[in-house]
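In: the following block contains a protein sequence and its predicted model.
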Amino acid sequence: MPILLFVAAAIGGALNAVAGGGSFLTLPALILAGVSPVAANATSTLALWPASLSSTFAYRRDIKASRRWMAALGATSVAGGLAGALLLVRTSDSSFLRLLPWLMLIAAATFTFGHKLRRADWHPGLAVVVVVQFFIATYGGYFGGGMGIMMLATMALAGMTDIHEMNGLKSFLGVAINGVALATFILSGSITWKYGLMMAVGATIGGYATAFVARKLDARYVRWFVIVIGWVMTIYFFWKRT
């Protein structure tokens with residue numbers, strides 16, 4: 001089982017480096033290993049957070065162009081991430097397990113169809129974007145699957161067009177959201193450390209290794225791979241409820 005978790009985290013870190021959706025693998029793998037649902041979600045956050053941190057560092061030059069958005073959305077993301085994390089640690093395992101198929105469905109649908117939102121012509125004001133980001137961050141602190149796609153769609157609606165700048169800002173906000181959530185999970189004792197640290201190493205290796213070949217990969221194939229995994233896991237958790 002430790003080998004399975006390490007491999008799942010390594011592939012999850014690699015997917016996050018290219019297209020996102022790593023939690024589609026890490027969360028089910030932890031539940032399969034016998035970790036309780038809430039602890040599995042918290043431990044999955046620990047597993048993938050270091051890889052997100054390295055991605056943010058890689059985009060550091062692109063993020064400089066987004067200082068206005070960083071200031072407006074950074075504090076909102078921390079507040080929302082904290083709210084979501086506090087909500088999670090107060091949720092019973094049975095309640096979270098009932099919610100999990102629906103959360104997976106939201107994540108899978110967002111990942112599959114979220115790019116269509118980025119083609120919209122309507123551009124909301126900064127205040128609307130801040131409010132939307134708070135709810136995305138709350139969702140991210142609580143669960144997080146598909147959060148990156150939601151943020152990219154919101155940025156596109158706000159009028160941002162440089163994909164590197166958008167990815168950099170998304171990575172920065174993701175680190176903020178998951179960072180405050182992770183701190184909350186640690187303080188509440190929700191982390192399964194014997195798996196979490198090992199998976200964090202695997203995810204970091206997977207993400208770092210993928211960075212060298214990411215430009216040679218056809219992003220469409222990677223994206224469809226994540227979509228298939230997302231829907232298979234969603235159907236599985238709905239089936240498990242019956």
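Out: Sure thing, it's come through.

In: list the contacts for residue 80?
Out: 133-141, 177 (C-beta atoms under 8 Å, 6 or more residues apart in numbering). In this view, the C-beta of every residue, glycine as well, is placed from N, C-alpha and C.

In: how many neighbouring residues does the residue nearest to it when sequence neighbours are not counted have?
Out: Using C-beta to C-beta, 6 or more residues apart in numbering and skipping residues adjacent in sequence, the residue nearest residue 80 is residue 137, 2.6 Å away. Residue 137 has 31 neighbours, counted by other C-beta atoms under 10 Å.

In: and residue 137, which of the three is it?
Out: State at residue 137, reduced to three classes by DSSP: H, G, I helix; E, B strand; the rest coil: helix.

In: for it, what are its contacts?
Out: With C-beta under 8 Å, 6+ apart, residue 137 has these contacts: 76-81, 83-84, 173, 177.

In: pLDDT score assigned to it?
Out: pLDDT recorded at residue 137 is 95.

In: measure it to residue 79 for me?
Out: 7 Å (C-beta to C-beta, to the nearest Å).

In: try residue 14
Out: Residue 14 sits 31 Å away from residue 79, going by C-beta to C-beta.

In: using PDB, list the CA coordinates for the lowest-mean-pLDDT helix or strand in the chain.
Out: Least confident helix or strand, the chain: helix 60-63 with a mean of 73, by mean pLDDT, DSSP states H and E. In PDB, the C-alpha atoms belonging to helix 60-63 read as follows (Å, rounded to 0.1, in the frame of the first residue of the first chain):
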ATOM      1  CA  ARG A  60       7.700  33.900 -10.200                       C
ATOM      2  CA  ARG A  61       8.500  36.300 -13.100                       C
ATOM      3  CA  ASP A  62       5.000  36.000 -14.600                       C
ATOM      4  CA  ILE A  63       3.400  36.700 -11.200                       C
END
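
In: quick one: distance of it to the chain centre.
Out: Put simply, helix 60-63 sits 20 Å off its chain's centre (C-alpha atoms, centre = their mean, to the nearest Å).

In: got the buried residues for the helix or strand that that helix is followed by?
Out: Next along the chain after helix 60-63, taking DSSP states H and E as the criterion, comes helix 67-89. Residues 69-70, 72-74, 76-86, 88-89 are the ones in helix 67-89 that count as buried (16 or more other C-beta atoms under 10 Å).
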